[in-house]
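S.K.: Below is the sequence, then the predicted model.
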Amino acid sequence: MKRIAIKTYLDFLNWSKTCGDIISFDTETSSLSYLHLSIIGFSICDGESVCYLDLFKNKDFVNIIGLLNKIFWNCEKVIMHNAPFDLKVLYKYGIGESLGGKVIDTRIAAFLLDENRLTGLKFLTANILGKKRLSWKQITEKYGISSPEFYNYAMNDAEDTWNLWKIFEKQLEKEDLSYLFYSVEMPFQFVIRDMKINGVGVDKQKLLEFDEKCVKLLFELEVDLLKTLGIKPQIQKRFDNSEELLCDLDFNSSQQMVKIIEKLGLEIKEKTKPSKTYPEGQKSVGAATLLNLRGKHPFIEKLHYYRYVRHLYDSFVKKIQFEIQEDGRIRGNFNIAKSGRLTMSKPNLQQNPNDEKYGFKSPIKFREIFVPKKVKRPEVVHCKKENYDIYVGRPSKWGNPFEIGKDGTREEVIDKYKKWILNQPDLLKSLWELEGKTLGCWCKPEICHADILADLVEEFCKYVYIIADYSGQELRNLGEVTNDTKIIEAFRQGYDLHLLTANFIFSLNLKEEQLKENGKEYIEIVKKFKSERHKAKNGANFPIIYGTTASGISKRMGISYKEAKRWMNEFFKLYPNVKKAIEETKIELENNGYVKTLMGRKRRFPNYENQTDKYKAADLRIAFNHKIQGFSADQVKIALSKIAAGIKDFDAKIILQVHDEVIVECKKDQAEKIKAIVKNCMENAVSLRIPFKVDIKICERYEK
């Protein structure tokens with residue numbers, strides 16, 4: 001394939017004249033971080049030739065980027081590997097719309113064709129194309145970024161991406177994955193791009209408060225644990241007058257706690273996994289041990305709570321402080337799980353701690369640290385004309401208040417302003433234009449109209465969160481996947497499925513009308529049978545979806561194995577098609593070595609036939625769960641892509657997806673309209689027999 005390194009606009013223009021309608025594309029940047037990165041070059045391949053544009057300190061930079069955008073407009077397809085990264089780079093330079101509906105991501109194609117393998121470009125190139133490539137670090141450290149070796153490295157990326165697509169394109173069609181790839185995954189890559197760019201705002205002051213609260217609480221808990229063991233705490237003052245506990249005991253050390261607990265006369269059954277050093281495993285003090293020993297000594301519950309708070313502090317409060325970027329926002333990395341679910345890391349905001357766990361209430365509401373962006377209050381100056389952005393007074397559009405607010409106290413003038421603004425929607429839009437500006441005014445200080453307007457900007461011009469999540473998404477999809485008429489009809493009638501299951505398993509003798517979520521007695525019924533509903537939810541409905549065994553339910557719910565087995569049997573009696581679907585999944589797995597969702601997403605088990613019955617049973621549970629989880633994942637992706645299209649004309653951004661929950665950040669005065677769009681897109685993402693319900697609210701912080 002012909003190769004050329006280009007440094008001028010004219011050479012790029014000449015090359016572009018013979019460029020094909022389908023191209024592969026790859027960027028080279030100075031950083032991976034959106035805030036810090038700048039594009040230093042890009043490569044394009046059309047199957048006949050490949051070029052690299054060196055943009056580092058390039059005087060034709062603007063013209064080259066403009067021509068690149070024109071090429072995208074004229075292209076039929078643009079093939080990338082890890083498209084969200086290249087898309088966010090291009091977005092930073094004003095390129096976005098020209099790529100709509102054209103992007104092909106070979107990384108996603110590779111994943112759909114085999115979710116068990118690595119999907120990095122270098123790995124795929126070596127294992128599929130048979131070409132071993134050096135890494136970016138190896139090339140740049142040895143040759144720099146303006147060398148023939150680096151140019152070849154960059155062109156290799158574009159050429160390898162092109163060659164991989166030529167293979168993957170046919171395989172996707174052969175494996176009936178075209179709809180999933182083109183209609184679900186490719187539009188969703190733009191949503192991932194947006195979330196990587198937007199990030200999530202953090203209230204640093206609130207986070208600092210949580211930090212101080214946790215540190216203080218941990219200190220108090222350590223003192224109390226020592227006293228419970230009959231040990232007198234040794235406390236000394238630090239130079240800053242804070243207190244330090246002198247203690248050789250590490251309450252996080254499993255081995256130290258084994259010795260302490262056994263000294264208390266309690267038996268520990270939990271063990272670590274076998275290893276070379278400890279073939280039979282070691283005794284361990286984890287959550288299971290502490291739950292099993294609860295109530296047998298005051299130290300146990302206190303240690304469990306201490307561990308809970310320590311994990312909360314170390315894994316969330318402390319850790320997240322290092323992830324906040326200069327603009328006060330967090331931008332994590334997104335990936336994809338084998339089920340198709342979107343995952344997140346550095347940090348993982350999809351695993352925020354629950355407000356309650358193991359029966360303990362969290363000392364902090366961690367989600368409250370996440371806040372929408374704040375509007376910058378206008379600055380007010382009483383000075384010369386050249387020192388302000390906007391003059392508040394005649395003949396500007398802000399002159400009218402002098403007539404309506406001419407007389408009266410400051411409070412009366414503010415009240416007139418509010419009425420004036422609320423009665424003129426266009427004026428609220430104008431109020432947003434004052435954000436961060438410098439307002440000039442010659443008013444008397446006690447009733448300064450510019451100062452009043454600045455206050456009103458803070459009051460009226462706010463960003464909020466729209467938080468929406470599916471109600472019973474997986475249970476609804478369970479009904480659809482298994483074709484269970486009882487589940488389908490229950491949701492059509494508006495029944496609470498957890499209550500319906502509880503009614504059958506525990507013989508509550510509730511009438512059908514009492515099971516309806518909109519029924520007159522529903523709230524009272526839920527309160528009365530709260531315990532039974534909880535058992536049905538966490539001991540039957542969800543465990544069946546997640547493939548939990550009777551033994552697992554027994555441990556989770558603190559009941560006998562026999563009772564757990566009874567719950568499962570009763571569940572299958574009530575919903576017979578679920579058991580039938582599990583049996584059909586087993587046959588599908590045995591015949592094909594894989595299972596697939598209603599949208600065609602596959603989960604492969606290449607070693608299934610060579611495993612023991614124990615591991616086959618585990619694979620079957622994963623396989624059945626995949627049919628529900630995988631379909632649910634793609635449902636959310638379709639919904640998010642529709643939301644992105646629906647809100648593009650508003651000042652609104654998708655900032656986060658947490659499993660079946662969606663968080664959108666938007667202007668407060670647009671919130672009701674966007675709320676309706678989000679709700680409609682989520683409830684109508686896919687057309688099924690079961691109606692989908694979305695719980696949605698507008699709030700000023702991230703709430704559960």
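M.R.: Cool, got the structure.

S.K.: For the stretch 401-550 of the chain, which segments count as helices?
M.R.: Secondary structure of the stretch 401-550 of the chain (DSSP state H, counting those that start in this stretch): helices at 401-404, 410-422, 425-432, 449-460, 473-482, 485-492, 497-505, 522-528, 530-536, 542-545, 550-557.

S.K.: for the stretch 301-450 of the chain, which spans come out with low pLDDT?
M.R.: 383-386, 393-408, 425, 442-447 (pLDDT under 70).

S.K.: Repeat the analysis, applying 50 as the threshold.
M.R.: Filtered on pLDDT under 50, the stretch 301-450 of the chain yields the residue ranges 394-396, 398-405.

S.K.: what's the answer for the chain, then?
M.R.: Those would be 394-396, 398-405, if you go by pLDDT under 50 across the chain.

S.K.: quick revisit: can you list the helices of the stretch 401-550 of the chain in CSV and add mean neighbour count and distance to residue 60?
M.R.: From N, CA and C alone the C-beta is placed, and that goes for glycine too. CSV is the format used below for the helices of the stretch 401-550 of the chain (neighbours: other C-beta atoms under 10 Å; distance: least, C-beta to C-beta, whole Å):
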stretch, mean neighbour count, distance to residue 60
helix 401-404, 14, 50
helix 410-422, 15, 48
helix 425-432, 14, 37
helix 449-460, 20, 42
helix 473-482, 23, 51
helix 485-492, 19, 60
helix 497-505, 23, 63
helix 522-528, 14, 68
helix 530-536, 18, 66
helix 542-545, 21, 57
helix 550-557, 17, 63
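
S.K.: just checking, residue 141 is part of a helix?
M.R.: Yes - note on residue 141: a helix contains this position according to DSSP: H, G, I helix; E, B strand; the rest coil.

S.K.: That one: neighbour count?
M.R.: 9 (other C-beta atoms under 10 Å).

S.K.: so which of the helices of the stretch 401-550 of the chain gets nearest residue 259?
M.R.: Between residue 259 and the helices of the stretch 401-550 of the chain, the shortest separation by C-beta to C-beta is 24.9 Å, and it involves helix 550-557.

S.K.: The helices of the stretch 401-550 of the chain: which one's closest to residue 51?
M.R.: helix 425-432 (43.8 Å).

S.K.: Break this structure into its domains for me.
M.R.: Using automatic domain parsing, the domains assigned to the chain come out as 2-175, 204-323, 379-461, 471-630, 635-699.

S.K.: What's the end-to-end length of the last one?
M.R.: For domain 635-699, the first-to-last residue distance is 25 Å (C-alpha to C-alpha, to the nearest Å).

S.K.: re earlier: could I get the domains of the chain as JSON lines with distance to residue 340?
M.R.: Shown next, in JSON lines, are the domains of the chain (distance: least, C-beta to C-beta, whole Å):
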{"stretch": "domain 2-175", "distance to residue 340": "8"}
{"stretch": "domain 204-323", "distance to residue 340": "26"}
{"stretch": "domain 379-461", "distance to residue 340": "39"}
{"stretch": "domain 471-630", "distance to residue 340": "5"}
{"stretch": "domain 635-699", "distance to residue 340": "8"}
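
S.K.: follow-up on the earlier one: can you put the helices of the stretch 401-550 of the chain in JSON lines and add distance to residue 218?
M.R.: Formatted as JSON lines, the helices of the stretch 401-550 of the chain follow (distance: least, C-beta to C-beta, whole Å):
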{"stretch": "helix 401-404", "distance to residue 218": "54"}
{"stretch": "helix 410-422", "distance to residue 218": "46"}
{"stretch": "helix 425-432", "distance to residue 218": "44"}
{"stretch": "helix 449-460", "distance to residue 218": "37"}
{"stretch": "helix 473-482", "distance to residue 218": "36"}
{"stretch": "helix 485-492", "distance to residue 218": "45"}
{"stretch": "helix 497-505", "distance to residue 218": "36"}
{"stretch": "helix 522-528", "distance to residue 218": "36"}
{"stretch": "helix 530-536", "distance to residue 218": "30"}
{"stretch": "helix 542-545", "distance to residue 218": "32"}
{"stretch": "helix 550-557", "distance to residue 218": "28"}
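
S.K.: looking at the ones you listed, which is closest to residue 58?
M.R.: helix 425-432 (37.1 Å).

S.K.: The closest one packs against which elements?
M.R.: For helix 425-432, the elements it packs on are helix 410-422, helix 449-460, judged by 3 or more C-beta pairs under 8 Å, 6 or more residues apart in numbering; DSSP states H and E.

S.K.: run the last query once more with 10 Å
M.R.: When contacts are defined as 3 or more C-beta pairs under 10 Å, 6 or more residues apart in numbering; DSSP states H and E, helix 425-432 sits against helix 410-422, helix 449-460, strand 661-667.

S.K.: Give me the residues contacting it.
M.R.: 375, 378, 396-398, 400, 417, 420-422, 424, 453, 456-457, 459-461, 651, 667-669 (C-beta atoms under 10 Å, 6 or more residues apart in numbering).

S.K.: which stretches of the stretch 51-200 of the chain form helices?
M.R.: So, for the stretch 51-200 of the chain - with DSSP H, counting those that start in this stretch - the helices run 61-74, 83-92, 106-113, 121-124, 136-143, 148-174, 178-179, 186-198.

S.K.: Quick one, which of those helices gets closest to residue 565.
M.R.: Across these, closest to residue 565 is helix 106-113 (C-beta to C-beta), at 37.9 Å.

S.K.: Compute the inter-axis angle for the closest one and helix 186-198.
M.R.: Using axes from the mean of the first three to the mean of the last three C-alpha atoms, to 10 degrees, the inter-axis angle of helix 106-113 relative to helix 186-198 is 130 degrees.
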